[in-house]
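**Student:** sequence below, structure please.
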Amino acid sequence: MQPCPYIYINADGTARELHASERAYLETEFIGGDGAMPSIKDSYEERNGWGELNGYLKRAALPAGMPVADAPAEDPRRPLVSREDYIEWLRGKGVEVTENSDGSLTMHGRLRGGRA
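**Tutor:** Next up, the predicted model:
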């Protein structure tokens, strides 16, 4: 199998090969403007909306000589399937989440990376 033309940059700046599910996601055909379409970094240094380095990158844009680790054995694209997963994800991004008695959520503060 030929190497995928894309790799993944981790939050710590290291690079790795793609898991099979990520590769399938990048090979999926999307119609322009689809919000589920993957975002591909234009350069290694580009940060995402959260201010983090992580994201998909064309292999050719990786700095020369930078090592690329093997793909993870476990699927890193695990969906947020429960309310608790979503709340934990938000809190991990620096958002204060209050669970209200009517079942709604109230979010306070700014997301790390400047978006709110």
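
**Student:** following element in sequence after the longest helix along the chain, please.
**Tutor:** If you go by DSSP state H, the chain has its longest helix at helix 83-92. Elements were assigned by DSSP states H and E; along the chain past helix 83-92, the next helix or strand is strand 96-99.

**Student:** now do that next one: distance to the chain's middle.
**Tutor:** 23 Å (CA atoms, centre = their mean, to the nearest Å).

**Student:** name the strands paired with that strand and say parallel or antiparallel.
**Tutor:** strand 105-108 (antiparallel) (DSSP bridges).

**Student:** which residues touch the closest residue to residue 11 other than its chain neighbours?
**Tutor:** Of all residues not flanking residue 11 in the chain, residue 54 sits nearest, at 4.5 Å (CB to CB, 6 or more residues apart in numbering). (Each C-beta comes from the backbone N, C-alpha and C, glycine too.) Counting by CB atoms under 8 Å, 6 or more residues apart in numbering, residue 54 makes contact with 8, 9, 10, 11, 48.

**Student:** just the buried ones from the residues you listed?
**Tutor:** Using 16 or more other CB atoms under 10 Å as the burial test, the contacts of residue 54 include 8, 9 as buried.

**Student:** show me what counts as buried in the worst-scoring helix or strand of the chain on mean pLDDT.
**Tutor:** Least confident helix or strand of the chain, by mean pLDDT, DSSP states H and E, is helix 83-92 with a mean of 82. Buried residues in helix 83-92, counting neighbours by 16+ other CB under 10 Å, are found at 87, 90.

**Student:** what of stretch 57-69?
**Tutor:** Neighbour count says stretch 57-69 has 57, 61, 62 buried, by 16+ other CB under 10 Å.

**Student:** isn't the last one up against residue 56?
**Tutor:** No: shown here, residue 62 and residue 56 do not form a contact pair, counting by CB atoms under 8 Å, at 11.5 Å.

**Student:** could you dump the contacts of residue 54 to TSV with distance to residue 82?
**Tutor:** What follows is these, written out as TSV (distance: CB to CB, whole Å):
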residue	distance to residue 82
8	25
9	28
10	25
11	23
48	24
